[in-house]
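>>> build me a model:
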Amino acid sequence: MSLLSPVAALGRMTLGMLASFGRVAIFAADVVSHLLRPPFYPREFLQALMQIGWFSLPVVGMTALFTGGALALQIYAGGARFSAEAVVPAIVAIGMARELGPVLGGLMVAARVASSIAAEIGTMKVTEQIDALVTLSTNPLKYLAVPRVLAATLAVPVLVAVGDSIGIMGGWIVGVQRLGFNSAAYIKNTVDFLEMWDITSGLLKGAAFGFLVALMGCYHGMNSGRGAQGVGKATKSAVVSASVLIFAANYLLTELFFS
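As a prediction, this is how the structure comes out:
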């Protein structure tokens, strides 16, 4: 019997993971099914848009600026081994637009927004405010989850676009001030090698990441345990699950877009 215990534990873990995936999928389907059905709550949507979009702009911008600068230094150091320093502008622009801009922007939003949403909704559950919404004949999913998911899906691509621009600017600053590139030549190489699909694919990734971040925040908030410990666990689970899903979705979308 002891020999089968590890197998049984592995089976229980696998079944638990599959059950969790199923619950998240059902929750996501419920949210999507309510997106276009009344009633709508524009005030909640606008508040979520400000919280997710506008107030996340500083952290996304600072992250992109330093990432673009560091990327330029790394590419220059690597390219110098093969006398290929001239590729710095093109690779910085393509790397920021395709990968680093969407992924880092999504992770920063996940750290800031998923935790906030999970804590807010989890606290509402603990203090029985969600039960009060049901008593007032208001669908909690429609009132709490749908505006936040929609706002994140629309706001994160805008953050990604801004982050791409700031990241490319960071690479330009380092390239011109630190590495000795000619400013006009650097900008020309960036424009010549950066294609529209590079930008569009990053914005589509941003929309997917925003959807996942808000979805995880709402899901773990609505399923949080009772008390402060339950809210804390829901907050941690929201950030971890959103971050892992961003990396998984990034690979799948990259495979779809560029395979």
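>>> can we go C-alpha only for contacts and neighbour counts from here?
Will do.
>>> and the closest residue to Gly53 other than its chain neighbours, helix, strand or coil?
Closest residue to Gly53 apart from its sequence neighbours, by C-alpha to C-alpha, 6 or more residues apart in numbering: Ala155 at 5.1 Å. Three-state call for Ala155 (DSSP: H, G, I helix; E, B strand; the rest coil): helix.
>>> then stretch 158-168 to PDB, C-alphas only?
Provided in PDB are the C-alpha atoms of stretch 158-168 (Å, rounded to 0.1, in the frame of the first residue of the first chain):
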ATOM      1  CA  VAL A 158      -2.800  51.000 -24.500                       C
ATOM      2  CA  LEU A 159      -0.300  50.500 -21.700                       C
ATOM      3  CA  VAL A 160       1.700  48.100 -23.900                       C
ATOM      4  CA  ALA A 161       1.800  50.700 -26.700                       C
ATOM      5  CA  VAL A 162       3.000  53.400 -24.400                       C
ATOM      6  CA  GLY A 163       5.500  51.000 -22.800                       C
ATOM      7  CA  ASP A 164       6.800  50.000 -26.300                       C
ATOM      8  CA  SER A 165       7.400  53.700 -27.100                       C
ATOM      9  CA  ILE A 166       9.100  54.400 -23.800                       C
ATOM     10  CA  GLY A 167      11.200  51.200 -24.000                       C
ATOM     11  CA  ILE A 168      12.400  52.100 -27.600                       C
END
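>>> for the protein, give me the ranges with low pLDDT.
1-4 (pLDDT under 70).
>>> just give me the residue right at the centre of it.
Gly106 (2.4 Å; C-alpha atoms, centre = their mean).
>>> measure that one to Ala161 for me?
12 Å (C-alpha to C-alpha, to the nearest Å).
>>> count the neighbours of the nearest residue to Ala72 once chain neighbours are set aside for me.
The spatially closest residue to Ala72, leaving aside those adjacent along the chain, is Gly171, at 5.2 Å (C-alpha to C-alpha, 6+ apart). Gly171 has 28 neighbours, counted by other C-alpha atoms under 10 Å.
>>> Gly171 is in contact with Tyr76, isn't it?
No: contact criterion C-alpha atoms under 8 Å: Gly171 and Tyr76 do not qualify, at 10.7 Å.
>>> Ile187 is in contact with Gly175, correct?
No: when contacts are counted by C-alpha under 8 Å, Gly175 is not listed as touching Ile187 (10.4 Å).
>>> where do the strands sit along the stretch 51-200 of the chain?
For the stretch 51-200 of the chain, applying DSSP state E, counting those that start in this stretch gives no strands.
>>> can you give me the helices for it?
Taking DSSP state H, counting those that start in this stretch as the criterion, the stretch 51-200 of the chain carries its helices at 57-79, 88-95, 101-109, 115-126, 129-135, 140, 146-177, 183-193, 196-222.
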